[in-house]
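> Here you go, sequence then predicted model.
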Amino acid sequence: MNHFQYINGELHAEDIPLARIAEAVGTPFYCYSTATLERHYKVFAEAFADQQATICYALKANANLGVIRTFADLGSGADVVSEGELRKALAGGIPADKIVFSGVGKTRSELAYALDCGIMQLNVESLPELEALSEIAVSKGVTADIAIRINPDVDARTHEKISTGKSENKFGINASQAPAAFARAAELPGVNPVSVAVHIGSQLTDLEPFRIAFERVAALVGELRGLGHDIKRVDLGGGLGIPYREEKIPLPIDYAAVVKSAVGNLGCRLMFEPGRMLVGNAGILVSRVIYVKQGGTRRFVIVDAAMNDLMRPAMYDAWHEIKPLKQPENGVAMEPADVVGPACESSDTFARQRPLPPVRDGDLMAIFTAGAYGAVMASTYNARLLAPEVLVRGPEWSVVRPRPSYDEMLRDESLASWQGGG
Ligand code: LLP
């Protein structure tokens, strides 16, 4: 469900015709719908209304301040994986005591900063990290609540590049080593092990891997309590998939049923780190057709967005819906085309042999389901400017990240001292 719909033949974001935004800010640009963000958050939160639950929005999916503030206003916490994300979460209005810090390679200075902020929980992923955190916490005279992230060795049955819960993945501490890790944490000063964390991958379209992982967490909590650890919460990560292509995806309520049956009776606070599920369908990337070119064997629709703006098709062979901003006439003949960007490599392809209505130079197109892992993964490859981001709410819209200028791009770099630089 999203709020990008045709109204009188024109694609709108809520009440705003997207063509109007394109006129004002130029293309390409990202556009996010507040109503969709809010709806997804509420559907997820309501599925756990009968539990003690904390939803920590995973900023990595979309770290725009306007998006963060939208969730902060709904009472969300945040899951962050770097000092930059932690700073953005705080700047977006998320209280420190609702922030968890995940990641396999938090640096010592990031750990120190997180302790200074007094965040809710640090999810520790290795013994060396545990030792470092303890040392830093002691030097600051504080004690940090921590989770130990376990690697449950579960196949998430998702794209290989976004699977994280198999033993060959770099994430977490092997479940069989968890009791030893908790024992070590309990004897170290400055850390208070209160939680078990797990995250097995992203874009899961099947609940079974979640069920297996969460049952392993429940068994481990029982074992750890038997060993005298006071486990107060479990952090179940993110990962629930979304429909990119009208796939059948379990609803949050179905996911919640699996969660509750596996860990609902532990008496633990439940923590979640959803990313994609909250923002994916709440964003689109709007682009203008530069040329339509007939190649030797295919037709190419060359648009002004490129792989640097939206990496997912190039990186994961991801399928994204593409529609023109002007609604095609009913029954119009569709013709296959490759939708490509201007970047100088063949992986700069948004869609291959996609049936499209007639398209001409200058037409505006929307690439759907671009709210998650879109703008955050953008780069300036080919010295392209980062696409701006726009947030819509009903009849209002606002640029929440402007397009930089070429002057700014050039100012970011300098010559070496021996080349006459400063
Ligand atoms: N928690 C942890 C520890 C994570 O590593 C992730 C995602 C999440 C939560 C949020 O997962 P979500 O609910 O969004 O599935 N760039 C890839 C996705 C990478 C996901 C990384 N970790 C893509 O575009 O598909």
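Thanks, I have it.
> quick one, what contacts the closest residue to Gly341 other than its chain neighbours?
Excluding its sequence neighbours, the residue lying closest to Gly341 (C-beta to C-beta, 6 or more residues apart in numbering) is Ala306, at 3.0 Å. Every C-beta, even on glycine, is put in place using the N, C-alpha and C of the backbone. Neighbour list for Ala306: Gly341, Pro342, Ala343, Asp348, Tyr381, Asn382, Arg384 [criterion: C-beta atoms under 8 Å, 6 or more residues apart in numbering].
> Hmm, Met315 and the fourth one touching each other?
No - here Asp348 does not reach Met315: they are 11.4 Å apart, not a contact under C-beta atoms under 8 Å.
> average model confidence for stretch 319-337?
Mean pLDDT, stretch 319-337: 96.
> ok, the residue nearest to Gly341 to Pro28 distance?
Remark: distance between Ala306 and Pro28 (C-beta to C-beta, to the nearest Å) = 8 Å.
> same thing with Gly105?
With distances taken as C-beta to C-beta, Gly105 is found 32 Å from Pro28.
> So for the two, which residue has more residues nearby?
Set Gly105 next to Pro28 and count neighbours by other C-beta atoms under 10 Å: Pro28 wins out with 27 against 11.
> Now for the more buried one: which residues touch it?
By C-beta under 8 Å, 6+ apart, the contact set of Pro28 is Leu285, Val286, Ser287, Arg288, Val303, Asp304, Ala305, Asp309, Ala387.
> So which bits of the stretch 201-350 of the chain are right by the ligand?
Ser202, Gln203, Gly237, Gly238, Gly239, Glu273, Pro274, Gly275, Arg276, Met277, Arg312, Tyr316 (C-beta under 6 Å from any ligand atom).
> Looking at these, which is nearest Glu247?
Within these, the smallest distance to Glu247 is 10.0 Å, found for Gln203 (C-beta to C-beta).
> Run a quick neighbour tally on the closest one.
When counting by other C-beta under 10 Å, one arrives at 24 neighbours for Gln203.
> Please name the nearest non-neighbouring residue to Asn281.
Asn2 (4.4 Å).
> most surrounded residue in the residues of the stretch 201-350 of the chain next to the ligand?
Tallying neighbours with other C-beta under 10 Å puts Gly237 at the head of those, with 31 neighbours.
> Specify the local secondary structure of the closest residue to that residue other than its chain neighbours.
Distances taken as C-beta to C-beta, 6+ apart place His199 nearest to Gly237, at 2.7 Å, with adjacent residues excluded. Assigned with DSSP: H, G, I helix; E, B strand; the rest coil, His199 falls in the coil class.
> phi, psi of His199?
phi -150, psi 120 (degrees, to the nearest 10).
> Contact partners for it?
Ser102, Arg149, Thr164, Gly165, Phe171, Gly172, Leu236, Gly237, Gly238, Gly239, Glu273 are the contacts of His199 under C-beta under 8 Å, 6+ apart.
> do you know how far it is from Lys98?
His199 is 18 Å from Lys98, by C-beta to C-beta.
> And the helices in this protein, which stretches?
Secondary structure of the chain (DSSP state H): helices at 18-25, 34-47, 65-73, 83-91, 108-117, 127-140, 178-187, 208-226, 252-263, 276-279, 312-316, 406-411.
> which of these sits most buried?
Highest mean neighbour count of the helices of the chain: helix 276-279, a mean of 29 (counted as mean count of other C-beta atoms under 10 Å).
> what about that helix, distance to the chain center?
Offset of helix 276-279 from its chain centre (C-alpha atoms, centre = their mean, to the nearest Å): 7 Å.
> Summarise which helices and strands it is packed against.
Here helix 276-279 touches helix 34-47, going by 3 or more C-beta pairs under 8 Å, 6 or more residues apart in numbering; DSSP states H and E.
> now for the helix it packs on, which elements pack on it?
Taking 3+ C-beta pairs under 8 Å, 6+ apart as contact, the helices and strands that helix 34-47 lies on are strand 53-58, helix 65-73, helix 252-263, helix 276-279, strand 389-393.
> just so I know, which of these lies nearest Leu127?
strand 53-58 (24.3 Å).
> which residue is nearest the middle of this protein?
Centroid-nearest residue in the chain: Ala61, 1.6 Å away (criterion: C-alpha atoms, centre = their mean).
> so what's it closest to, chain neighbours aside?
Closest to Ala61 by C-beta to C-beta, 6+ apart is Gly275, at 3.1 Å.
> can you pull the contacts of the one you found?
Going by C-beta under 8 Å, 6+ apart, Gly275 touches Tyr57, Ala58, Leu59, Lys60, Ala61, Asn62, Asp79, Ser202, Gly238, Ala372, Tyr373.
> Quick check: the fourth one touching Ala78?
Read it as Lys60. No - applying C-beta under 8 Å as the test, Lys60 and Ala78 come out as separate, 10.2 Å apart.
> More neighbours: which of the two?
Ala78 (29 against 22).
> measure the closest residue to that one other than its chain neighbours to the ligand for me?
Once flanking residues are discounted, Ala78 sits nearest to Ala89: 3.9 Å by C-beta to C-beta, 6+ apart. To the ligand, Ala89 is 14 Å away according to C-beta to the nearest ligand atom, to the nearest Å.
> Find the nearest non-adjacent residue to the residue of the stretch 1-150 of the chain found nearest the ligand, please.
Relative to the ligand, the nearest point of the stretch 1-150 of the chain is Ala58 (3.7 Å; C-beta to the nearest ligand atom). Leaving aside its chain neighbours, Ala58 sits nearest to Gly275 (3.3 Å; criterion: C-beta to C-beta, 6+ apart).
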